[in-house]
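[1] Quick check, what structure comes out for this input:
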Amino acid sequence: MNIIEISESNYQDYFSLDIVAFSFAYEGAMGEMGGIYIIDRGGQIYHANYFMGDDCLGRDHIKDVIPVFVDLVHGLMGSESTNPNWSSEYLGFGNTLLVSNEIRDGFKKKVEEAKFQRTGELFQQWPGFVLDLIGKEHGSLTMNDIWELLKK
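    Below you'll find the model as predicted:
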């Protein structure tokens, strides 16, 4: 699996992504501060960072890649979308996930079935859940797997 990097120098190439879910981390979040992970309808995973890196995505350009980003209201326990087509999930430790409502019910069912015991378990599992719901994977891809792929 190849993960596509979106940066300040190439963000213009990614204006028309058909996004089904994305996560983002606040500057002080656990995991990757400023990290954004996107999954499109075809199962492609994209990565960007608006806080760290030599060519990080400018904050004012996040909305160009993820238009629904302008509809977020940020709070202490994650962010909520005012867009009726998106639902948010707090992943814990400063990380938020937004899921398209077309897969929301299936996603919530997977979360319930998983019976997570600790905050942060959903953070690890959400990519596999989303890929399974769109028919691209069998639910096993984790954030740790994605981080390993990014190192290559």
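[2] Ramachandran coordinates for residue 37?
    For residue 37, the backbone dihedrals (degrees, to the nearest 10) come out as phi -120, psi 130.
[3] Ok, the one 10 residues further on next?
    Reported as degrees, to the nearest 10, the phi and psi values for residue 47 are phi -130, psi 140.
[4] now swap in the one 3 residues further on and tell me
    When read as degrees, to the nearest 10, the backbone of residue 50 gives phi -100, psi 0.
[5] show me the contacts for it.
    If you count contacts by C-beta atoms under 8 Å, 6 or more residues apart in numbering, residue 50 has them with 24, 34, 36, 56-59, 62. No exception for glycine: its C-beta is placed from N, CA and C like everyone else's.
[6] any chance of the residues you listed in CSV, with pLDDT and distance to residue 144 too?
    CSV is the format used below for those (pLDDT from 0 to 100; distance: C-beta to C-beta, whole Å):
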residue, pLDDT, distance to residue 144
24, 90, 18
34, 89, 18
36, 95, 17
56, 92, 22
57, 94, 23
58, 91, 28
59, 86, 27
62, 92, 24
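[7] Closest one to residue 47 out of those, please.
    Nearest to residue 47 among those, counting by C-beta to C-beta, is residue 36 at 7.0 Å.
[8] Could I get the full set of helices for this structure?
    Using DSSP state H, the helices of the chain run over 62-65, 101-114, 121-133, 143-151.
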